[in-house]
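1. model the following, please.
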Amino acid sequence: METDWLPRLQALTEFQEREYQSRSLIANLPDEVQALPFWREFVSGSLAGKLSLPFYSLHKPKKNENCFYMGCGPSFLTDPWAEWGANFYGLDLSTTLARAVRARAPQLNGKLFKSLDQGYPHDLERYSIGQFDTVIAGGFSAYVPQDYNERVLREVKRILKPGGLLLWEGVDPESSWFEDWSIGQMYRGLEVNDTLIADWRTLFDSFGKVQKQESGELFTWWLVQRS
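-> Coordinates of the predicted model:
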């Protein structure tokens, strides 16, 4: 199955590298795509904070917990980890981002910042069985086949303690913004996962029990307790 998901992961990695290096949000999108309602609203800033919720609106990491954030981006620099007092372990696709955060994070809080590795979400062999109290997964599930997400969940279950919590982000294909957004992703060289919300919940049944679900106007977060 690797031939199905590897090119999509590579495309997503290359896209994120370009974004972090250029800071350009809609670069190279054709004029007709930029004219779509979603992208007009996006550029105007009116969608800021609406498309998704922060993961901690469902669950805030607790003091001294070991938290692992897949697709973390600059989270340790921008989210209140010092306030939570939780130990941060990160994984991101972008080498540029990982280097930048590793350079800055120890100065910000060297006690809480444990690591930030560059790699694919399924590549978790470096982490121990039951190492983490909480796992956060964002920024990738919308761009890979569902069987790849199933593989990632199996790996996450290995490194998450029994009874531990998973925060997982997915896109809602029934959102009114989904079509315009997905067209833009296509022009960026990215394929989109259109798994229905109900099908996500079915998938989580094999992982544990869904405790909470909250949605923005495009993306949804689930809080799942590992069985």
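
2. average pLDDT for the helix or strand that contains residue 33?
-> Element membership for residue 33, per DSSP states H and E: helix 31-34. Averaged across helix 31-34, pLDDT comes to 77.

3. what packs against that helix?
-> Packing partners of helix 31-34 (3 or more CB pairs under 8 Å, 6 or more residues apart in numbering; DSSP states H and E): helix 37-44, helix 178-187. (C-beta placed from N, C-alpha, C; glycine too.)

4. tell me the centre residue of the protein?
-> In the chain, the residue lying closest to the centroid (CA atoms, centre = their mean) is residue 138, at 1.3 Å.

5. so who does that one touch?
-> If you count contacts by CB atoms under 8 Å, 6 or more residues apart in numbering, residue 138 has them with 55, 69-72, 167-169, 221.

6. residue 16 is in contact with residue 95, correct?
-> No - taking contacts as CB atoms under 8 Å, residue 95 lies outside contact range of residue 16: 9.6 Å.

7. between the two, which has more neighbouring residues?
-> residue 16 (20 against 14; other CB atoms under 10 Å).

8. thinking again about what came up before, now tabulate the helices and strands packed on helix 31-34 in CSV and tack on distance to residue 215 and mean neighbour count.
-> As requested, the helices and strands packed on helix 31-34 are exported to CSV (distance: least, CB to CB, whole Å; neighbours: other CB atoms under 10 Å):
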stretch, distance to residue 215, mean neighbour count
helix 37-44, 16, 16
helix 178-187, 12, 17
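
9. ok, and for the longest strand seen in the chain, which residues are buried?
-> Longest strand of the chain, by residue count under DSSP state E: strand 160-171. By 16 or more other CB atoms under 10 Å, the buried positions in strand 160-171 come out as 160-161, 164-171.

10. ok, now stretch 129-143?
-> Within stretch 129-143, the residues that qualify as buried are 131-143, counting by 16+ other CB under 10 Å.

11. what is the end-to-end distance of that stretch?
-> Start-to-end span of stretch 129-143 (CA to CA, to the nearest Å) is 27 Å.

12. now the angle from the longest helix along the chain to helix 178-187?
-> Longest among the helix segments of the chain by residue count, using DSSP state H, is helix 2-22. Here the directions of helix 2-22 and helix 178-187 differ by 90 degrees (axes from the mean of the first three to the mean of the last three CA atoms, to 10 degrees).
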